[in-house]
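Chemist: Dropping a prediction and its sequence here:
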Amino acid sequence: MILADGPATAVAEVGAATGVAQFAWLLVALPAFGAAVLLLGGRRTNAWGHLLGCLTVIAAFGYGLVLFLDSTGLPSAERVRELHLFSWIPVEALQVDFGLRLDPLSLVFVLLITGVGAAIHVYSIGYMAGDADRRKFFAYLNLFVAAMLVLVLGNSFVTLYLGWEGVGLASYLLIAFWHHRPEAATAAKKAFVMNRVGDVGLAIAIFMMFRTLGTTQYTEVFARAGEFSSGELLAITLLLLLGACGKSGQFPLQAWLPDAMAGPTPVSALIHAATMVTAGVYLVARANPLYDLSPDGRLVVTAIGAFTLLIGCVIGCAYDDFKKVLAYSTVSQIGYMILAVGLGSFGYALGIMHLLTHGFFKAGLFLGAGSVMHGMNDEGDIRRMGGLWRHMPITFVTWGLGYLALVGFPGLSGFFSKDAIIEAAFGQEGWRGWVFGGAALLGAGLTAFYMTRLLLMVFFGEKRWERLKSADGRDYHPHESPAVMTVPMILLAVGSVGAGVFLASGDRLATWLTPSLGALDKAEHGVLPHALVPVLTVALSALGALVAWLVVGRRPVPVERPRRVSLPVRAARADLYGNALNEALVARPGVWLSRALVYVDNKGVDGLVNGLAALLGGTSGRLRRLQTGFVRSYALSMLGGSVLVIAALMVVRFA
Amino acid sequence: MNGLGTASLAALMALPLLGGVVVALLRDNERLAKSVALGFSLVELALAAVLWAGYDPDGARLQMTSSVDWIAAVGAHLSFGVDGVALVMIAVVALLGPVVVGAAWRESLPAGRTQGGFLSLILVQQGLMVGVFAATDVFLFYVLFEIMLIPMYFLIGGYGGARRQYAAVKFFLYSFLGGLLMLASAIGAYVYAAGRLGHGTFDWATLVGVVRDAPLSTQVWLFLGFFAAFAIKAPLVPVHTWLPDAAAEAPIVVSVILVGVLDKVGMFGFLRYLLPMFPQASQELAPLVLVLAVVGVLYGSVLATGQRDMKRFIAYVSIAHFGFMALGVFAFSTQSQVGAVTYMVNHSVATGMLLLVIGMVIARGGSTRIGDYGGMARLTPLLGGLFLVAGLSTLSLPGTNSFVSEFLVLLGSYPREPVYTVLAALGMILAAVYVLWLYQRVFHGPVRGDALLGAAAGPGAVGDPARAKVPDLSARELAVLAPLVVLVLGLGIYPKPVLDVVTPSVSATMTEVGLADPVAQGGK
């Protein structure tokens, strides 16, 4: 079978999509239809808009499941199929097809996006029940699902780009959903602009592909990847990585993601945790034939992942905002995934596996956070919470399971997916093994610390909210959320518990993904014995949890944030100065530049040209007289023109 | 079919001129004048459809041709015809007709001016612009190029804002000066050709055939004359300063014509006149144009970000976009030039729409200053949504029409000019900044601005956005914007019909320049 070959030839042949797969465009069309109806229908659809929004995604999930099962019935070598829809941008040598690629990788994403998406749509019915614009919210969510499906299903880098910026738009609209709040509006713009920085990288990578190969279709680019020079490959892989960093909140483009929490919580769960922000991981995995050929490019990917996972953890330890801690946790966990896919054939499938398990437990954690905030007058400050487990037991249990999955409690999903990445990182030769493995291991301990801190401050300890009032002056009356919200949380909790063992047992997921990603290699040696890594991970995680208990569990938590804190804490609270750096290096000089140029343009350029014109016309006074007599001036100009004509004739004659 | 096509081309030019006269005569009856103007513009649109249907993309270089003797002494003819580039631009002219008339329906004009007079000038302008794109005689092109300024001069100077006289004269002088330089070059080309042929002619095809082989030094001089005219018209930095003034003073619908179509004559001239007539000079001087183009992209973008006036904002956005188009033209690949041509079309649609929604914002807030607005999305969600659609097209979001053209320009320019392309690509980031920042300031945040807050019934209601009565889009405004929304999305998802019409003509231009595509089928 094709699995036996090395990674270079393991990419399966591309067949045509037939049978039930011919209608794969429905996957995109269903949510797009929902969005169109809800946006064009306006207030008339208010009564049933949320139901339509849920139905389209559930239907897409159902059809995605059919496609998935259909694909499992095929031999492994025939599982990469394409469906041509229409010719999108055809200009001579450039032929951009609008087509869909149905392969093990994209189908896994289809299930994640529509499955988790459906759960979050249903949850939103309850969460957004009091919002006058709930219909619009569902329209944007549907738009997001459609764009995200284009991103993962497209069969060329240009269709990927369409989905890529499409999800950026949906993200913008949803972060700014409560746009009367200035911070939400600013966060939305920041997210879009920082993403654009990455998008330009992606675009230039596409230009480079076109220059060398004359195509942007996956099939041809991957088959002919060997025609790139090594310099081109390095440039392309780094530019794609830039795109990935923008979308996935990786260093140095991570600063937008925590701000994006200004959007409604279901958005944070679906877009800014489970699906969209993992698109960067998808991109690197999808482009694996290019990364396989560029070890240097992969090294940078791994390094970015390792660095980001650490800064995410460190900052996550310092925040008191429920959602922002989870946001930095997301930054950090995607760092793990990016690290993994940077390991090449040792890690593509591991990155995707962690992406899937993370999709379950992080979405669940966010929905749980939303449920807590929903029952707490939209309070997000964990210093004002405490002892909530009695008041919202379902939320507590489901959130607790997500917590255990994330910190890597043995047997739960994060244990399998994160451990595998740490192991693979230690499996690298020499200093790489120590540095990347060490970073991943350290990250596991820090993760346990900040997550346990969160758990203890929210659900355990003193009920600090009893003696407080919320910002709008009301008492807190924490209560469990309705079933429409808790049922999706329970479903995601089940996934958080079981997904790891299901996907990892017998390398089920890695085998399934082989036609898309090549076979998963296992490191033979590495810098640490294989058996030692899980032991170390669990031990360090336990240590992290213990320290958290010592800091916030054993002692009462002050409601006011301590001001006199150590330098590292201060730095972490300031996002390790990432925003300050952006501000100082880009934003402020940009404002100065634009002000200076506006001045120059009004005074300098315009003045210069006016002056020149005046000089040509003799005096500016004579020019001004043009305003008084149009026809006479016309004649004057004609005269001037004639002189020029004669001059030109002489030039031509003597040339 | 060709006979019908030729007739429709003639009618496309004559009908708006006739309409202009009729509407001017009816100007005392405002309602009737407006209806008649709308009728003429709709018939014009139908004629453009007939022209499009009759055009064969893979047929002759110029189609629907006709020629009548004009000034026999110098061999100038009234010759008309279209290629794919002219065809799509004429389609844009015809399409914007009803949109502009509909948008001008309730335009508040300076005292003493009538709707009839205003619409009459717009119709005349429309007819002349069709003529400019359809002319296939170089002298005829020059004459129309200059005459075209006259209705626009009156539209800005007669119907604009407080400094309208200044803006109109500035516009006129700039364009006219450029035109004269072009005339000089046209005569130079004529003389050169006469020396070779033994008789003088201004026929485009004949001139191209002869002048293209002129020595480089001659080509360079002649190139510069045409280039000056087109660079001012486009406009490229640093001869752009007339545009912000003109756009700021002109009524919104006039800006739609000015920025949407009139300026495109510059780009059209690059492709139709500069490149085929002076292929060697075009290649030699390409670095000069490329520098101006990239400077234009970045300079225009940064200045757009810094503007405090919405109408000037649009002018600088357009300057940035003209930079992209010039890059596409002078990067010499079929993809980049097709990108430039579709950019001309898509910029008309996107910027036209953005201008119109800005006009609708101004109509509600009574100010062109960005700082006088805030939080409008809560008051007028529909206007907010369509403003965003126009804005997203302006920043070339994939799925909108403008993406296809910007992507083609950059992708097609990259193989030959990677450095300029990467620099211009930075404009993509700046576009996101200036569009979304404008949108945020006007539509997001708390409701601000005296006009918006004070629109409520009683004096006590000031500061209470819930009671501010700012109307959302009317049926007329929706009808004006709807066709543009359809084009923004339609040409974004399925641009093939336009690409198929434009590509053969651009390929012909590439052949006339004598350059092969840097990327052939299957890579380099």
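Modeler: Sure thing, it's come through. Residues are numbered from 1 along each chain as shown, chains lettered A, B, ... in the order given.
Chemist: Per-residue pLDDT of residue B:358, please?
Modeler: The confidence metric pLDDT takes the value 95 at residue B:358.
Chemist: Which helix or which strand is home to it?
Modeler: Using DSSP states H and E, residue B:358 maps to helix B:334-365.
Chemist: That helix and chain A, are they touching?
Modeler: Yes: Helix B:334-365 lies within reach of chain A by C-beta under 8 Å from any C-beta of the partner chain, at B:334-335, B:338. For the C-beta atoms, the positions are set from N, CA and C on the backbone; glycine is no exception.
Chemist: Quick one: list the elements packing against the helix or strand hosting residue B:98.
Modeler: According to DSSP H and E, residue B:98 maps onto helix B:84-103. With contacts defined as 3 or more C-beta pairs under 8 Å, 6 or more residues apart in numbering or on different chains; DSSP states H and E, the packing partners of helix B:84-103 are helix B:2-25, helix B:30-54, helix B:115-134, helix B:252-257, helix B:264-269, helix B:334-365, helix B:475-493, helix B:496-513.
Chemist: List the buried residues for that helix?
Modeler: For helix B:84-103, burial by neighbour count (16 or more other C-beta atoms under 10 Å in any protein chain shown) applies to B:84-103.
Chemist: and the angle for it with helix B:475-493?
Modeler: Between helix B:84-103 and helix B:475-493, the angle comes out at 160 degrees (axes from the mean of the first three to the mean of the last three C-alpha atoms, to 10 degrees).
Chemist: So which helix or strand of chain A has the lowest pLDDT on average?
Modeler: The helix or strand of chain A with the poorest confidence is helix A:620-624; it has a mean of 46 (mean pLDDT, DSSP states H and E).
Chemist: I'd like the helices and strands packed on helix B:84-103 as JSON lines, with mean neighbour count appended.
Modeler: Below are these laid out as JSON lines (neighbours: other C-beta atoms under 10 Å in any protein chain shown):
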{"stretch": "helix B:2-25", "mean neighbour count": "20"}
{"stretch": "helix B:30-54", "mean neighbour count": "19"}
{"stretch": "helix B:115-134", "mean neighbour count": "26"}
{"stretch": "helix B:252-257", "mean neighbour count": "27"}
{"stretch": "helix B:264-269", "mean neighbour count": "24"}
{"stretch": "helix B:334-365", "mean neighbour count": "27"}
{"stretch": "helix B:475-493", "mean neighbour count": "18"}
{"stretch": "helix B:496-513", "mean neighbour count": "20"}
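Chemist: and those helices, which one's lowest on average pLDDT?
Modeler: Among these, helix B:2-25 scores lowest, with a mean of 90.
Chemist: Could you check how far that helix is from the centre of its chain?
Modeler: Computed by C-alpha atoms, centre = their mean, to the nearest Å, the separation of helix B:2-25 from the middle of its chain amounts to 21 Å.
Chemist: So which elements touch that helix?
Modeler: Counting contacts by 3+ C-beta pairs under 8 Å, 6+ apart, helix B:2-25 packs against helix B:30-54, strand B:63-71, strand B:76-82, helix B:84-103, helix B:115-134.
Chemist: And the third one, what does it pack against?
Modeler: Meaning strand B:76-82. Using 3+ C-beta pairs under 8 Å, 6+ apart, strand B:76-82 sits against helix B:2-25, strand B:63-71, helix B:115-134, helix B:138-147.
Chemist: switch the cut-off to 6 Å
Modeler: Packing contacts for strand B:76-82, counted by 3 or more C-beta pairs under 6 Å, 6 or more residues apart in numbering or on different chains; DSSP states H and E, involve strand B:63-71.
Chemist: Name the residues of the strand it packs on that are buried.
Modeler: B:63-66, B:70.
Chemist: JSON lines please, covering the residues you listed and showing distance to chain A.
Modeler: Below are the buried residues of strand B:63-71 laid out as JSON lines (distance: C-beta to the nearest C-beta, whole Å):
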{"residue": "B:63", "distance to chain A": "21"}
{"residue": "B:64", "distance to chain A": "24"}
{"residue": "B:65", "distance to chain A": "26"}
{"residue": "B:66", "distance to chain A": "29"}
{"residue": "B:70", "distance to chain A": "19"}
